[in-house]
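Engineer: Quick one, what's the 3D model for this:
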Amino acid sequence: MRPGDELPPLSVPVTRTLVVAGALASRDFQDVHHDAEAARAKGSPDIFMNILTTNGLVGRYITDHFGADATLVRVSIRLGVPNYPGDVLVLSGRVVSVSPAREAGRCAVEVAVAGTNRLGRHVTGTVGVTLPAAGASGVTGGGS
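Structural biologist: Below you'll find the predicted structure:
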């Protein structure tokens, strides 16, 4: 693994259930995340995904790629266009840096992430993750 390496994309269908369940799981009871009429009254065409669900999906993307031994140490994201039911969020990533971690036997990896849908860029940011140093040179993906 080297800076510049691309992670394979992950496509996530954005369903009404995902939007509502993500809001409820993160205790975000804002009506724009579960009530389509309220969302329309506030100027949105439909309910939309909250930032905590997006944050969780970004974390999943990284840990699915790097495997069970990966530890997220920092997730820093910024939202762009909304994710509405019916969209497909496509996450992509690129390794920015690889260096020794503070924890012995691990390396620190910084990954730039982006997620797009039919409207454009939904999320951008960086994720810091630590991995076992012995396996970091050959990481090719650890999961689904």
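Engineer: Poorly predicted segments of the protein, please.
Structural biologist: Residue ranges of the chain with pLDDT under 70: 135-144.
Engineer: all strands of it, in order?
Structural biologist: Applying DSSP state E to the chain gives strands spanning 6-13, 71-79, 88-100, 106-117, 120-132.
Engineer: List of residues touching the biggest helix by length in the chain?
Structural biologist: Counting residues, the longest helix found in the chain (DSSP state H) is helix 51-66. Helix 51-66 is contacted from outside by 7-8, 10, 12, 18-19, 22-23, 25-26, 28, 70, 72, 75, 77, 79, 83, 89, 91, 93, 109, 111, 113, 115, 122-123, 125, 127, 129, 131, 139, 141-144, using Cβ atoms under 8 Å, 6 or more residues apart in numbering. All C-beta atoms are positioned from the backbone trio N, CA, C, and that covers glycine.
Engineer: What are the buried residues along that helix?
Structural biologist: Within helix 51-66, the residues that count as buried by 16 or more other Cβ atoms under 10 Å are 53-55, 57-66.
Engineer: can you check stretch 89-109 too?
Structural biologist: Buried positions in stretch 89-109, judged by neighbour count with 16+ other Cβ under 10 Å: 89, 91, 93, 95, 98, 101, 106, 107, 108, 109.
Engineer: before we move on, what about stretch 34-47?
Structural biologist: For stretch 34-47, the neighbour count (16+ other Cβ under 10 Å) marks 34, 39, 47 as buried.
Engineer: At the geometric centre of the protein, which residue do we find?
Structural biologist: Taking Cα atoms, centre = their mean, the centroid of the chain lies closest to residue 58, which sits 1.1 Å from it.
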